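# Quick one, fold the following:
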Amino acid sequence: MRLRAGPEEAGRRLDAVVGAMEAVGSRAEAQRLIASGRVLVDGAARPKRHLLAAGEQVEVRPEAAPPSELEPEAVPMTVRYEDEHLLVVDKPAGVVTHPSAGHAGGTLVHGLLAHAVAGGADPSRPGIVHRLDRDTSGLLVVARSERAHRRLQRLLRDRRVERHYLALVHGAPPPALTIDRPIGRDRRNRTRMAIDAEGREAVTHVRVLERLGRMTLVEVRLETGRTHQIRVHLEAAGHPVVGDRVYGRRQPDLGLERQFLHAARLAFPHPESGEPVEVRSPLPHDLELALARARREAAPGDGPGLR
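Purely as a prediction, here's the structure:
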């Protein structure tokens, strides 16, 4: 890829100009390419802070993604939407999104390999642009090409992918709540995440759907996508997710064997056509049963509730 700097690029940092190229997609990726010597200015390597002058030629030589060595496996999932550019899949609880320490096989990625997914620099995560926790069920969008992957990542960064979840939480949160608190790695327990003033920005919107006595069914909308964001934010707000053994009350409830958290709706502009895509997922059977139990518990003398 080549670009001749014009008046619009003159005076701008090299990493900013390269990061704005669609084929690069981000400033972080631009900095990685510059550091690895894959960006030249008039034939010579320059630092990321180099200020371009009009007429300079920028050449970018992106690395080809290494081929994935993973083998396809039969993994339970439901494809809710697909075309030549992307898939929206419904991940069941108990399935890890991509390979990681202790999860070398049986992940969602292994199941997706039979669906021609592609894109991204990590060969262990082809097509993956966002993830769900192992015990969270619901919808993920997955790319089928490098170009679709870049564009979907950009939509996520620009907060144009609407991610709505259903959660059953303890207590009675207000009808509408926005939790705007940064999240980082827990300094006392590195396997957990926690509210951390020095962490990354995290914003979660919560709306009450139905009050059920000691519990409340809520809709959660993510503005950012930090690890364990919903579970950490709801715990910090005093309304942990029912069934959550890590950020909740660490005891069985309603017969659940996992947290009551389901990615129920995804909506985004298609990365190629720009047309709106909206996909919904019904509550899985185990969460339907738990919700029915919660309603039965709440019924005696609990009043009509807010629906």
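# Going by neighbour count, which residues of the helix ranked longest in the chain are buried?
Identified as the longest helix of the chain according to DSSP state H is helix 285-298. For helix 285-298, a neighbour-count test (16 or more other C-beta atoms under 10 Å) marks Asp286, Leu287, Ala290, Leu291, Ala294, Arg295, Ala298 as buried. Placement of C-beta: from N, CA and C, glycine included.
# could you redo these as a markdown table and give each row pLDDT and distance to Arg61?
Listed next are these as a markdown table, based on pLDDT from 0 to 100; distance: C-beta to C-beta, whole Å:
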| residue | pLDDT | distance to Arg61 |
| --- | --- | --- |
| Asp286 | 96 | 50 |
| Leu287 | 97 | 48 |
| Ala290 | 96 | 53 |
| Leu291 | 97 | 54 |
| Ala294 | 95 | 57 |
| Arg295 | 95 | 60 |
| Ala298 | 91 | 62 |
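# Looking at those residues, which is nearest Met1?
Among the buried residues of helix 285-298, Leu287 lies closest to Met1 (C-beta to C-beta), at 46.7 Å.
# so the closest one makes contact with Ala264?
No. If you go by C-beta atoms under 8 Å, Leu287 and Ala264 don't touch, sitting 10.0 Å apart.
# Identify the contacts common to those two.
In terms of C-beta atoms under 8 Å, 6 or more residues apart in numbering, Leu287 and Ala264 are both contacted by the residues Leu166.
# returning to that earlier point: need the residues that contact the longest helix of the chain.
93, 137, 166, 168, 211-215, 217, 242-243, 254-258, 260, 262, 283, 305.
# Redo the buried residues of helix 285-298 as TSV? Include distance to Thr107.
Below are the buried residues of helix 285-298 laid out as TSV (distance: C-beta to C-beta, whole Å):
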residue	distance to Thr107
Asp286	20
Leu287	22
Ala290	25
Leu291	28
Ala294	31
Arg295	34
Ala298	37
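# now, among the residues you listed, which is nearest to Asp133?
When those are ranked by distance to Asp133 (C-beta to C-beta), Leu287 comes first, at 14.5 Å.
# Quick check: Leu113 is in a helix.
Yes. Assessed by DSSP: H, G, I helix; E, B strand; the rest coil, Leu113 belongs to a helix.
# surely it meets Val75?
No. Distance between Leu113 and Val75: 9.3 Å, which falls outside the contact criterion (C-beta under 8 Å).
# pLDDT weak spots in this protein?
Filtered on pLDDT under 70, the chain yields the residue ranges 64-66, 250, 252, 300-307.
# which residues does the residue positioned nearest the centre of it contact?
Closest residue to the average C-alpha location of the chain: His130 at 3.3 Å, with C-alpha atoms, centre = their mean. Shown in contact with His130 (C-beta under 8 Å, 6+ apart): Leu140, Val141, Leu156, Val161, Arg163, Gly225.
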